[in-house]
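Undergrad: Need coordinates for the following:
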Amino acid sequence: MRWILMPYKRYADFSGRSQRMEYWLFSLFFWGVIIAIMALAELSGALGESEEPPSLPFVIPLALFILASFIPSVAVTVRRLHDQDKSGWFYLLSFIPYVGGIILFVLMCIGGTRGPNRYGPDPRGEAGDIFG
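TA: Now for the predicted structure:
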């Protein structure tokens, strides 16, 4: 659970490094919550008989969650790039249509540099050197 919440604790911390587990568990949590809220909205529409759009009560929580998660999402992605000794400006690749997201996805899958780099010490510490 601490890996999922760590990006929220380091809300706007764009310095340092983050390992793959922190990034991917945060991403899984982020998309899981979005899918769950959308599924609840869809189910409430299928079960409800009201005149208003069924998803309306779910739009506000969904929007608040996305807004609250936007900065931590960018920050953990930048720290993940730092773990590979790449500049955070590589995040801008995601704005290139079609290929940018694929390139960033591949970069998020690649392991970080072993030992310290210009962005800080290895987030895996000594255990990463032994078991990594």
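Undergrad: Any stretches of this structure with poor pLDDT?
TA: 45-55, 126-132 (pLDDT under 70).
Undergrad: now the helices for it?
TA: Assigned by DSSP state H, the chain shows helices spanning 2-9, 20-47, 56-83, 99-109, 125-131.
Undergrad: Out of those, the one nearest Leu93 is which?
TA: Closest approach to Leu93 among the helices of the chain (CB to CB): helix 99-109, 4.6 Å. To be clear about C-beta, it is placed using only N, CA and C from the backbone, and glycine gets the same treatment.
Undergrad: Would you mind listing the buried residues in that closest one?
TA: Residues Leu104, Leu107, Met108 are the ones in helix 99-109 that count as buried (16 or more other CB atoms under 10 Å).
Undergrad: ok, the last one - contacts?
TA: Right, Met108. Shown in contact with Met108 (CB atoms under 8 Å, 6 or more residues apart in numbering): Arg20, Tyr23, Trp24, Thr77, Arg80.
Undergrad: Double-check the last one against Gly16; I have them as touching.
TA: If I follow you right, that is Arg80. No - with contact defined as CB atoms under 8 Å, Arg80 does not count as touching Gly16 (10.6 Å).
Undergrad: Same drill for these two, tell me which one is more crowded.
TA: Arg80 (27 against 15; other CB atoms under 10 Å).
Undergrad: so what's the more buried one up against?
TA: By CB under 8 Å, 6+ apart, the residues touching Arg80 are Arg17, Ser18, Gln19, Arg20, Glu22, Tyr23, Leu107, Met108, Gly112.
Undergrad: One more pass at 7 Å, please.
TA: Ser18, Tyr23, Met108 (CB atoms under 7 Å, 6 or more residues apart in numbering).
Undergrad: any idea which of the residues you listed is the one closest to Ile4?
TA: Ile4 lies nearest to Tyr23 out of these, by CB to CB, at 10.9 Å.
Undergrad: do you know how far Gly32 is from Ala41?
TA: Going from Gly32 to Ala41 by CB to CB, to the nearest Å gives 15 Å.
Undergrad: same question, Ser69
TA: 18 Å.
Undergrad: No more questions from me, cheers.
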